[in-house]
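In: Here you go, sequence then predicted model.
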Amino acid sequence: MPRGPRPPIIRFDHASFGFPGVTALEDITLSIEAGEFIGVIGPNGSGKTTLCRAVLGLLAPIKGQLHIFDCACQELRCHHRAKIGYLPQKGVVDRDFPVTVFETVMMGRYGALGLFHRPGPEDRRIALESLALVAMERHKDTALGHLSGGQQQRVFIARALAQQPKVLLLDEPTTGLDLPMQHNVIELIQHLHETLGLTVLLITHDINMIRSRVDRLVLLKTRLHAAGPPADVLKPNILEQVYGKGMVISDKDLVIVEDYHHSH
Amino acid sequence: MLELFAYDFMQRSLLAAAMVGGLCSLIGVFVVLRGLAFVGAGTSHAAFAGVTLGYLIGWPPLLLAVAFGVATVWITGWLEEQGRMKLDVSIGILYTATMALAIVFIGLMKTYNAEVYGYLFGSVLSVTGEELLLIGGLAALVLGLLIAFWKELLFIAFDQEMAEASGVPARRIFFLLLTLVALTVVVALKTVGAILVFAMILIPASTAYQLTHSLTALTLYSVIIGTATALTGVVVSTVWDIPSGPSIVLLATAVFFFSLVISPKRLRISSGHPR
């Protein structure tokens, strides 16, 4: 169904990010509309995680501007941040942390609640609903560390959903999962995008897994090399600039980038 | 033995031990989960430098202990935040530097001062009524702040960056946690001494960590273990006439090793339970 123009929810305007002497992302100009499903791809060290930290308001541009919800990212307040549900890379979080599934999801309410406010029945209802959305409600009293990798990812997605976000930001959510579980997680994300109308930014190495699901792909290697529908971005000449000739396999209209993540 | 409990000094000691044991084991939950073990050890030595300076210049020793302890954790936290150096490196430097300061201050004292050594090795049996009030006041302050910011402290212990990204003022909460650790160290300084104080923070929570996957249970077990070993340690030290600080810490250590043996986590790993 054709969609009308929607307002941009995230807007990079010639924005560069980095640290003194190191530019991780340079001169990025990109608008992301509300309700879009965006895949962010690029090799290791291309600036994907930097982009993620910038959108979270954790990194201000050293040049140019980044606006999120019409607010300059360096002025993002806590209530803005609470509108971005974030799933960090697997392994960043201590999986043996003594916490149950329900307690983990409840953390998603803390930012929106603010200081000195205790979670109430409404917060518990939202947390349970979020668990139901990822089909994990029957595990609510289970210790987080007792779950499989795929189940833990579902719990972290539920934690992000408990924020009642407008944007869902997922940093390599399928890394470390077996193939069926990878499909399972990506299908869940697509389902949430469609049913809740969430703007989704999915950072991944697995181009082939998401190419048929996203509205647009954003290809990074320090600079923005391409942004557009998958068919426009996944062209051998564009991909070879970023990944190198040996990594891109082309067979008629099907272009595959070899599994960069696993070959390094 | 029961007549021991009729003495004023024994009642004061037990009350101090219970407060210190309970408080240390409560903050210890966040110290263990956030990985701040070495920070606490460094803070206790910095606080001791404050005590020695207090005795040297005639200022209230516990006031300067608070100033030294808080300054040390804030400098450490700031250096980590700026990305200048890792937390364990900066605390390692400040830990030895403040201990060197303490030795210099002791060297500058004209006479031997037994009270200074009481803060180094602990002397819960000599806690006075005024000190008990001070310990009680500081303990109430730390406890109140812990309860007020419980959910934020839990979130930053789980993942500070995720907490910040979710709209929790994680940076300020982290500095609050460092401050509470420093205050707790000062509260416990007189009871077990600068050398052993951090064991009271670390060991009960580490013991409880072996026994459960629930945060609520971990907190409860930690406080029970911390309070019980502190009280038992005081009684043992009085009956057997051995120093109180070491007897509390050695008891807590024995319970820790016992918990390793009976830990359901260990049993799960050795039985090949799927993760």
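Out: Arrived safely, thanks for sending. All values reported here derive from a predicted model rather than from experimental measurement.
In: And the residue of chain B that's closest to chain A?
Out: B:G167 (2.7 Å; CB to the nearest CB). The way it works is simple: take the backbone N, C-alpha and C, and place the C-beta from them, glycine included.
In: What is the burial count for the closest residue to that residue other than its chain neighbours?
Out: Sequence neighbours aside, A:G111 is the residue nearest to B:G167 in space, at 2.7 Å (criterion: CB to CB, 6 or more residues apart in numbering or on different chains). Residue crowding around A:G111 was assessed by other CB atoms under 10 Å in any protein chain shown; the count is 27.
In: Where does pLDDT dip in chain A?
Out: A:1-6, A:76-79, A:90-96, A:247, A:249-264 (pLDDT under 70).
In: So which residue is smack in the middle of it?
Out: A:L170 (2.2 Å; CA atoms, centre = their mean).
In: Report the contact partners of the residue nearest in space to the middle of chain B.
Out: Note on chain B: the residue nearest the mean C-alpha position is B:I201, at 3.8 Å, using CA atoms, centre = their mean. When contacts are counted by CB atoms under 8 Å, 6 or more residues apart in numbering or on different chains, B:I201 is found next to B:24-25, B:27-28, B:31, B:40, B:181, B:184-185, B:188.
In: now swap in A:I189 and tell me
Out: Contacts for A:I189 (CB under 8 Å, 6+ apart) come out as A:157, A:168, A:170, A:173, A:200, A:202.
In: which residues of the stretch 151-264 of chain A fall in helices?
Out: A:179-196, A:207-210, A:230-233, A:236-243, A:260-263 (DSSP state H, counting those that start in this stretch).
In: which parts of the first one are buried?
Out: By neighbour count, and taking 16 or more other CB atoms under 10 Å in any protein chain shown as the criterion, the buried residues in helix A:179-196 are A:181-182, A:184-186, A:188-190, A:192-193.
In: May I have that helix exported as CSV, CA atoms only?
Out: The C-alpha coordinates for helix A:179-196 follow below in CSV (Å, rounded to 0.1, in the frame of the first residue of the first chain):
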residue,chain,number,x,y,z
LEU,A,179,20.1,-19.8,12.1
PRO,A,180,16.5,-20.7,13.1
MET,A,181,16.8,-18.3,16.1
GLN,A,182,18.2,-15.5,13.9
HIS,A,183,15.1,-15.8,11.6
ASN,A,184,12.9,-16.0,14.6
VAL,A,185,14.3,-12.7,16.1
ILE,A,186,14.2,-10.9,12.7
GLU,A,187,10.6,-12.0,12.1
LEU,A,188,9.7,-10.8,15.6
ILE,A,189,11.2,-7.4,14.9
GLN,A,190,9.4,-7.1,11.5
HIS,A,191,6.1,-8.1,13.2
LEU,A,192,6.6,-5.4,15.9
HIS,A,193,7.4,-2.8,13.2
GLU,A,194,4.2,-3.7,11.3
THR,A,195,1.8,-4.1,14.3
LEU,A,196,3.0,-1.2,16.5
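In: low-confidence ranges in the stretch 1-150 of chain B?
Out: Per-residue confidence for the stretch 1-150 of chain B (pLDDT under 70) gives these ranges: B:1, B:83-84.
In: so where do the helices sit in it?
Out: Counting by DSSP H, counting those that start in this stretch, the segments of the stretch 1-150 of chain B that form helices are B:8-34, B:37-57, B:61-81, B:87-108, B:114-121, B:129-148, B:150-165.
In: which of those sits most buried?
Out: Using mean count of other CB atoms under 10 Å in any protein chain shown, the stretch among the helices of the stretch 1-150 of chain B with the largest mean neighbour count is helix B:37-57, at a mean of 25.
In: tell me the angle that helix makes with helix B:114-121.
Out: 180 degrees (axes from the mean of the first three to the mean of the last three CA atoms, to 10 degrees).
In: ok, helix B:37-57 near chain A or not?
Out: No - figure legend: helix B:37-57 not in contact with chain A (CB under 8 Å from any CB of the partner chain); closest approach 14.6 Å.
In: Distance from the chain centre to that helix, please.
Out: Relative to the mean C-alpha coordinate of its chain, helix B:37-57 is positioned 12 Å out (CA atoms, centre = their mean, to the nearest Å).
In: And it, what does it pack against?
Out: helix B:8-34, helix B:61-81, helix B:87-108, helix B:114-121, helix B:170-192, helix B:197-211 (3 or more CB pairs under 8 Å, 6 or more residues apart in numbering or on different chains; DSSP states H and E).
In: mind exporting that helix as PDB, just the C-alpha atoms?
Out: Included here for helix B:37-57 are C-alpha records, laid out as PDB according to Å, rounded to 0.1, in the frame of the first residue of the first chain:
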ATOM      1  CA  ALA B  37      35.500  -4.100  44.500                       C
ATOM      2  CA  PHE B  38      38.800  -2.400  44.200                       C
ATOM      3  CA  VAL B  39      37.300   1.100  44.500                       C
ATOM      4  CA  GLY B  40      36.000   0.300  48.000                       C
ATOM      5  CA  ALA B  41      39.400  -1.100  49.000                       C
ATOM      6  CA  GLY B  42      41.100   2.100  47.800                       C
ATOM      7  CA  THR B  43      38.500   4.300  49.500                       C
ATOM      8  CA  SER B  44      39.100   2.800  52.900                       C
ATOM      9  CA  HIS B  45      42.800   3.600  52.800                       C
ATOM     10  CA  ALA B  46      42.000   7.200  51.600                       C
ATOM     11  CA  ALA B  47      39.600   7.600  54.500                       C
ATOM     12  CA  PHE B  48      42.300   6.400  56.800                       C
ATOM     13  CA  ALA B  49      44.600   9.100  55.500                       C
ATOM     14  CA  GLY B  50      41.800  11.600  56.400                       C
ATOM     15  CA  VAL B  51      41.600  10.100  59.900                       C
ATOM     16  CA  THR B  52      45.400  10.500  60.500                       C
ATOM     17  CA  LEU B  53      45.400  14.100  59.200                       C
ATOM     18  CA  GLY B  54      42.500  14.800  61.600                       C
ATOM     19  CA  TYR B  55      44.500  13.600  64.500                       C
ATOM     20  CA  LEU B  56      47.600  15.500  63.300                       C
ATOM     21  CA  ILE B  57      45.900  18.900  63.000                       C
END
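In: count of residues packed around the residue of chain B closest to chain A?
Out: One way to gauge burial is a neighbour count; for B:G167, by other CB under 10 Å, it gives 24.
In: quick one: it and A:G85 touch, right?
Out: No - counting by CB atoms under 8 Å, A:G85 is not a contact partner of B:G167; they are 10.7 Å apart.
In: tell me, what's touching these two both at once?
Out: Shared contacts of B:G167 and A:G85, counting by CB under 8 Å, 6+ apart, come down to A:Q163.
In: And the strands in chain A?
Out: Per DSSP state E, chain A has strands spanning A:8-19, A:22-33, A:37-41, A:63-68, A:71-72, A:84-87, A:167-171, A:199-203, A:216-221, A:223-228, A:248-251, A:254-257. These are given in chain order.
In: right, so of the ones you listed, which gets closest to chain B?
Out: Of all the strands of chain A, strand A:84-87 sits nearest to chain B, with 4.7 Å by CB to the nearest CB.
In: and the closest one, does that touch chain B?
Out: Yes - figure legend: strand A:84-87 in contact with chain B (CB under 8 Å from any CB); contacting residues A:84, A:86.
In: Next up, the contacts around A:L201.
Out: For A:L201, the contacting residues are A:10, A:32, A:38, A:40, A:52, A:55, A:167-170, by CB under 8 Å, 6+ apart.
In: quick one: A:L113 from B:V168, how far?
Out: With the distance defined as CB to CB, to the nearest Å, A:L113 ends up 9 Å from B:V168.
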